[in-house]
Every structure is written in C-alpha cells, then in structure tokens.
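Participant: Sequence and predicted structure are below.
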Amino acid sequence: MKKIVIIGFSILILGACNKKNDNELATKSEESIDSTSSVEVMSFNDRIKYNRAFEAVIWGMPAVNTDLMRQEMLTKTQGKINEVVYWGKVLDWHNQTLTPNPDAIYFMVFFDVKNEPIVLDLPVADSSGSFNGNIVTDWQMPLEDAGLMGVDKGAGGKFLILPPNYTGKVPTGYIVLQSDTYSGYMLFRSNVTSHSDSDVAKSIAYGKKLKVYSLSKAVNPDKTKFTDAKDVLFDSEIKYDASYFKNLDRIIQNEPWLQRDRLMINTLKSIGIEKGKTFNPDAQLNKILNQAVKDAGMHLEKMYDKGWGEFFENKNWRAAGAAEVIKMQATGYADINEYPSDLRGMTYTYGYVGIKRLGIGQFYLISIKDKNGNALDGSKNYKLNVPANVPIEQYWSVTVYNRKTHTLVRNMSRASRSSQIPELVKNDDSSVDIYFGSKAPEGKESNWIPTDSKGNFELMFRLYAPKKEFLKKVWILPDVEEIK
C-alpha cells in the first residue's frame with residue numbers, strides 16, 4: 001500500500017511538471033565539443049577512451065557530487081564520518097555547495113555503514129523547533145524523508161541504516177532503511193522563524209538534539225560530536241578537470257557495484273579506473289580525461305540552458321528536476337525500461353540531495369530568464385511579484401545563485417529573502433515585491449537581494465510544505481521583470 005501511495009503521488013507531481021521536454025538533443029560530439037577541441041586529431045584508441053570518459057562523467061555525477069562535499073568536510077573541518085557537521089548561522093557565501101538554502105540552519109551527517117548499521121536518532125517537532133530532512137545513498141538516491149513532512153510526520157524517530165546484504169538481526173522500534181551503498185548522508189534543515197540571533201540560536205540548539213551512533217552502542221551511545229563549519233570556505237562546486245576522475249575512482253574503490261550499473265565496469269576499466277587497483281593515469285590519458293570532462297560539462301550545461309519543461313504555462317519557471325528524474329527518485333528505478341542518466345547527471349551539476357516525496361515536504365522552482373526570455377544579468381535591476389496567499393504550510397523563499405557555478409554569489413551581504421523575514425514589506429494586496437540588482441532601490445532595502453554586476457545569476461523559489469493548490473496551479477508565480 002505504501003508503494004502505491006508514493007507512486008500515486010509521483011504521478012501528481014509528474015503531471016504538475018509540464019512534460020514539454022525536448023529530447024531531440026544534438027549528439028554529444030556535435031553539441032559539446034567546441035572548435036578548440038582536440039578530439040578530431042586523436043588516435044582511434046584515444047577517441048575510444050575520450051568517449052568512455054565523457055560518458056563516465058555524466059553517469060558518475062551524483063556520486064562525485066557527494067564525494068566533493070564529503071572531502072570538503074574531511075579536509076577543511078574537524079568533522080569525521082558518522083559525526084555531524086553544521087553551519088552555526090544562516091548560510092552565507094562561504095558555503096559553496098550547490099544551490100543551498102540560506103533560510104535554514106544546515107546539519108549534515110556523512111555516514112558509513114560498512115562495519116555496522118548506523119542510527120540517526122532524530123528529534124520530535126515541538127515548541128523548541130522542527131526540521132525537514134532527507135537521507136540518501138552515496139548516489140543520492142533517497143532512502144527516506146524525515147521531519148515535519150517526512151515519514152515520521154514530525155514525531156522524530158530512530159532511523160536505522162543497514163549496509164548492503166545485511167543478514168543480522170533487525171531490532172524493533174526503528175525506522176529501517178536498507179541502503180545499497182555503504183556511504184551516504186543526511187541533510188537536516190533546522191527551521192528558523194527569523195534570521196534574528198535569538199531565533200538562529202534556538203534553531204541550532206534544536207538541531208543539536210539529533211544523535212548519531214552505531215547500532216551496537218544503541219543502549220548507551222557515545223555523545224554525538226558536532227563541528228561548526230560556518231566560517232569555512234566549503235567549496236563543492238563541480239570541478240571540470242581531470243581531478244573529477246579521482247573522486248569517481250574513490251567511489252568505485254569504496255562502494256559495491258550496483259546491478260543496474262555493471263555495464264560501467266569495463267567502461268571505467270578502459271580509462272584506468274578498476275576496483276582494487278590504483279588509478280594512475282599517464283600524461284596522455286590525463287589530457288584525454290581533461291578534454292572529456294570539459295566537454296561533458298559543456299553538454300550538461302547546454303541541457304540546463306535548454307530546459308526541461310515549464311511548470312506554469314507560458315512562464316520561465318521550471319521544476320528543479322526533470323519529470324524523469326523525479327519519477328526515478330520516487331520509485332527507485334522501478335521502470336526497467338528507463339534510466340535517465342543524462343538528465344540525472346545534469347541535475348547534480350546544480351544541486352544535491354534526493355527527495356523521495358517531492359511536493360509533500362518541499363518543492364523548488366528555478367528560473368534563469370526574465371519575462372522577455374533574456375538571461376538574468378547581475379548588472380541590471382529586476383522585480384519579482386510574489387502573489388498573496390502562497391499555498392504553503394511552512395514558508396517560501398527566493399534565493400540568488402551564481403549562474404555559472406550554481407553556488408551562492410561570493411562576497412554578498414545576503415542571498416535570499418523569505419516569508420520568515422519580519423521586516424519584509426507587503427503591498428496593499430498582501431503580495432510581496434522582491435528586488436534584484438547590484439544596488440538596492442531606494443526605500444526597498446528590506447525586500448532586496450544583491451547581485452554581482454559582473455555576471456549572470458539564477459533564482460530558486462522554494463516552497464516548504466506546499467498545498468495541493470500549488471501543484472494544481474491555482475496559484476501562479478509570475479516571471480521576473482526587468483525594471484529600468
């Protein structure tokens with residue numbers, strides 16, 4: 001019954017995501033390789049390696065995305081696996097993960113269940129706080145959503161993550177999650193009622209109620225260690241150079257092969273990535289890998305630019321994920337005739353985490369163009385009118401990101417405005433005007449988000465706990481308009 005409910009809801013979401021996807025993409029060799037490419041002068045064998053490396057980049061994007069974040073924690077903070085890294089303030093540009101939410105307090109747990117199951121002991125929602133959370137595998141496939149709109153519906157609980165092929169006894173009293181990878185992570189967003197120091201402190205204190213421990217120590221668990229990364233330049237932007245393959249090799253060495261991906265075993269072996277062996281590309285292979293990852297990045301960027309279907313009719317807002325990817329995440333690759341690897345790869349160039357029930361706990365919209373179809377230019381001024389009565393149970397927000405890197409714009413005083421902000425000024429009809437530009441319009445500072453005049457930007461509009469009226473499009477978000 002549970003599976004039927006999830007799939008039924010997925011159909012509603014897929015219907016909401018206008019399926020005007022244009023799958024008639026040009027071939028990768030034509031679309032992604034520019035005039036400076038060295039592919040045409042490669043030897044026959046080198047071109048084979050190039051083609052396989054190109055495909056490996058697209059296929060491996062979700063796991064490399066995870067590994068980049070994990071390595072930032074391990075190399076730049078005191079945080080360790082099966083502990084908690086958090087940001088002790090609302091996120092600012094020092095957090096260079098992909099399209100994060102600067103209107104919540106972030107806690108992350110990078111777990112590893114290779115040696116034994118791990119428990120994520122999550123707090124109940126009460127007067128002291130609440131959260132929205134997602135637990136995913138190393139490939140960012142959702143294991144479960146948690147928190148107010150998760151499987152626990154705010155009651156909290158002990159989420160027990162089992163390793164692949166686990167044969168041990170499973171105790172009662174746990175929400176059991178069977179992982180097909182050893183590693184993964186949880187994103188725990190502790191909700192804030194405003195950005196004031198006292199409300200942020202309250203949200204942090206609530207988040208620190210979460211516990212992480214091994215199943216063998218469940219009776220008397222060790223104290224959970226928390227590491228604050230608020231002042232760390234935490235940069236997990238996708239790197240389109242040969243270092244990409246070092247991240248990918250780390251995944252292959254540490255994780256089991258999934259049945260659906262066994263075709264990639266020989267593909268990766270041909271470019272030097274093989275389980276149990278050292279990845280040590282020579283100068284020529286490095287040159288090929290660099291070209292392949294650069295071109296694959298260009299291919300995915302062109303897919304992103306082209307879009308994957310409007311959410312509202314005749315508007316430039318689109319769901320943050322293509323319908324095929326949403327279906328894949330909700331059903332766990334249940335359709336054996338579909339594997340949207342290109343769309344999945346594109347998705348994880350601009351965001352992270354996997355959501356099992358998109359549209360229940362949260363829904364995200366992306367826009368890269370104004371009302372006239374022009375790119376959002378940081379040197380120009382824009383306005384977004386958010387109509388009254390946004391159909392949500394929690395809050396909405398809109399955030400500015402660097403169009404090229406999909407990260408918060410560096411050196412900006414803030415990145416977003418949300419319905420949580422007490423000083424947000426409403427219009428007489430209760431709608432809200434949000435302004436974007438390198439300088440605040442006179443008298444509109446509280447409703448303004450700064451942009452970098454030297455580059456383009458993109459927007460993400462978030463709705464937490466959206467109501468059915470949103471998915472049915474009774475309420476419509478207009479396009480951003482340039483103002484002179």
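Facilitator: All right, it came through fine. Residues are numbered from 1 along each chain as shown.
Participant: shaky segments in the protein?
Facilitator: 1-38 (pLDDT under 70).
Participant: in it, which spans are helices?
Facilitator: Ranges of helices in the chain, per DSSP state H, are 2-16, 28-32, 44-76, 197-207, 243-254, 264-269, 283-306, 323-331, 341-350, 468-471.
Participant: so what secondary structure elements neighbour the last one?
Facilitator: Just to be clear, that refers to helix 468-471. Applying 3 or more Cβ pairs under 8 Å, 6 or more residues apart in numbering; DSSP states H and E, one finds that helix 468-471 contacts helix 2-16. All C-beta atoms are positioned from the backbone trio N, CA, C, and that covers glycine.
Participant: residues contacting the residue nearest in space to the middle of the chain?
Facilitator: Geometric centre of the chain, nearest residue: Tyr352, 1.9 Å, by Cα atoms, centre = their mean. Going by Cβ atoms under 8 Å, 6 or more residues apart in numbering, Tyr352 touches Asn65, Thr66, Met69, Thr97, Leu98, Thr99, Gln140, Leu187, Ser236.
Participant: And for Lys230?
Facilitator: Neighbours of Lys230 in contact, by Cβ under 8 Å, 6+ apart: Trp87, Gly88, Lys89, His94.
Participant: Now do the closest residue to it other than its chain neighbours: how many residues are near it, please.
Facilitator: Excluding the flanking residues, the one nearest Lys230 by Cβ to Cβ, 6 or more residues apart in numbering is Gly88, at 4.4 Å. By other Cβ atoms under 10 Å, the residues close to Gly88 number 17.
Participant: residue contacts, Gly88?
Facilitator: Per Cβ under 8 Å, 6+ apart, neighbours of Gly88: Ile105, Ile204, Asp228, Lys230.
Participant: among those, which are in strands?
Facilitator: Using DSSP state E, the members of those that fall in strands are Ile105, Asp228.
Participant: May I ask which of the contacts of Gly88 has the most neighbours?
Facilitator: Highest neighbour count within those: Ile105, with 28 neighbours (other Cβ under 10 Å).
Participant: doesn't Gly129 make contact with that one?
Facilitator: No. Counting by Cβ atoms under 8 Å, Gly129 is not a contact partner of Ile105; they are 9.2 Å apart.
Participant: what is in contact with these two at once?
Facilitator: Shared contacts of Ile105 and Gly129 (Cβ under 8 Å, 6+ apart): Ser190, Ser203, Gly207.
Participant: will you turn the residues you listed into JSON lines that also has neighbour count and distance to Arg357?
Facilitator: JSON lines is the format used below for the shared contacts of Ile105 and Gly129 (neighbours: other Cβ atoms under 10 Å; distance: Cβ to Cβ, whole Å):
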{"residue": "Ser190", "neighbour count": "26", "distance to Arg357": "20"}
{"residue": "Ser203", "neighbour count": "26", "distance to Arg357": "23"}
{"residue": "Gly207", "neighbour count": "24", "distance to Arg357": "22"}
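Participant: Any chance of those in CSV with distance to Ile360 as columns?
Facilitator: Shown next, in CSV, are these (distance: Cβ to Cβ, whole Å):
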residue, distance to Ile360
Ser190, 19
Ser203, 22
Gly207, 22
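Participant: quick one: which of those residues is nearest to Asp197?
Facilitator: For the shared contacts of Ile105 and Gly129, the residue nearest Asp197 by Cβ to Cβ is Ser203; the value is 10.9 Å.
Participant: Just list the residues touching the closest one, thanks.
Facilitator: Ser203 touches Ala104, Ile105, Gly129, Ser190, Asn191, Val192, counting by Cβ under 8 Å, 6+ apart.
Participant: can you count the residues close to the closest residue to the first one other than its chain neighbours?
Facilitator: Translated: Ala104. Using Cβ to Cβ, 6+ apart and skipping the chain neighbours, the partner closest in space to Ala104 is Arg189 (3.9 Å). Residues near Arg189, counting by other Cβ under 10 Å, number 25.
Participant: same question, Asp261
Facilitator: Neighbour number of Asp261 under other Cβ under 10 Å is 16.
Participant: Okay, the closest residue to it other than its chain neighbours and Ile81: tell me how far apart.
Facilitator: In this structure, Asp261 finds its nearest non-sequential neighbour in Trp59, 7.5 Å apart by Cβ to Cβ, 6+ apart. According to Cβ to Cβ, to the nearest Å, Trp59 stands 25 Å off from Ile81.
Participant: So the two - more neighbours on which side?
Facilitator: Trp59 (22 against 16).
Participant: Spit out the contact partners of that one.
Facilitator: Trp59 makes contact with Asp261, Met264, Ser341, Gly345, according to Cβ under 8 Å, 6+ apart.
Participant: what does Ser367 give?
Facilitator: With Cβ under 8 Å, 6+ apart, Ser367 has these contacts: Asn316, Trp317, Arg318, Leu376, Glu458, Leu459, Phe461, Asp479, Val480.
Participant: neighbours around the fourth one, how many?
Facilitator: Right, Leu376. When neighbours are counted by other Cβ under 10 Å, Leu376 registers 22.
Participant: Verify the stated contact: it with Gly455.
Facilitator: No. Leu376 is beyond contact range of Gly455, at 10.0 Å (criterion: Cβ under 8 Å).
Participant: which neighbours do those two share?
Facilitator: Residues touching both Leu376 and Gly455 (Cβ under 8 Å, 6+ apart) are Arg403.
Participant: Could you measure from Ile105 over to Lys223?
Facilitator: Counting by Cβ to Cβ - Ile105 and Lys223 are separated by 20 Å.
Participant: With Phe470 instead?
Facilitator: In terms of Cβ to Cβ, Phe470 sits 41 Å off from Lys223.
Participant: Same question for Ile204.
Facilitator: From Ile204 over to Lys223 (counting by Cβ to Cβ), the distance is 17 Å.
Participant: before we move on, the earlier item: so which of the contacts of Lys230 is surrounded by the most neighbours?
Facilitator: That'd be Trp87 among the contacts of Lys230, by other Cβ under 10 Å, with 25 neighbours.
Participant: Which residues are in contact with that residue?
Facilitator: Neighbours of Trp87 in contact, by Cβ under 8 Å, 6+ apart: Asn95, Ile105, Tyr106, Asp228, Ala229, Lys230.
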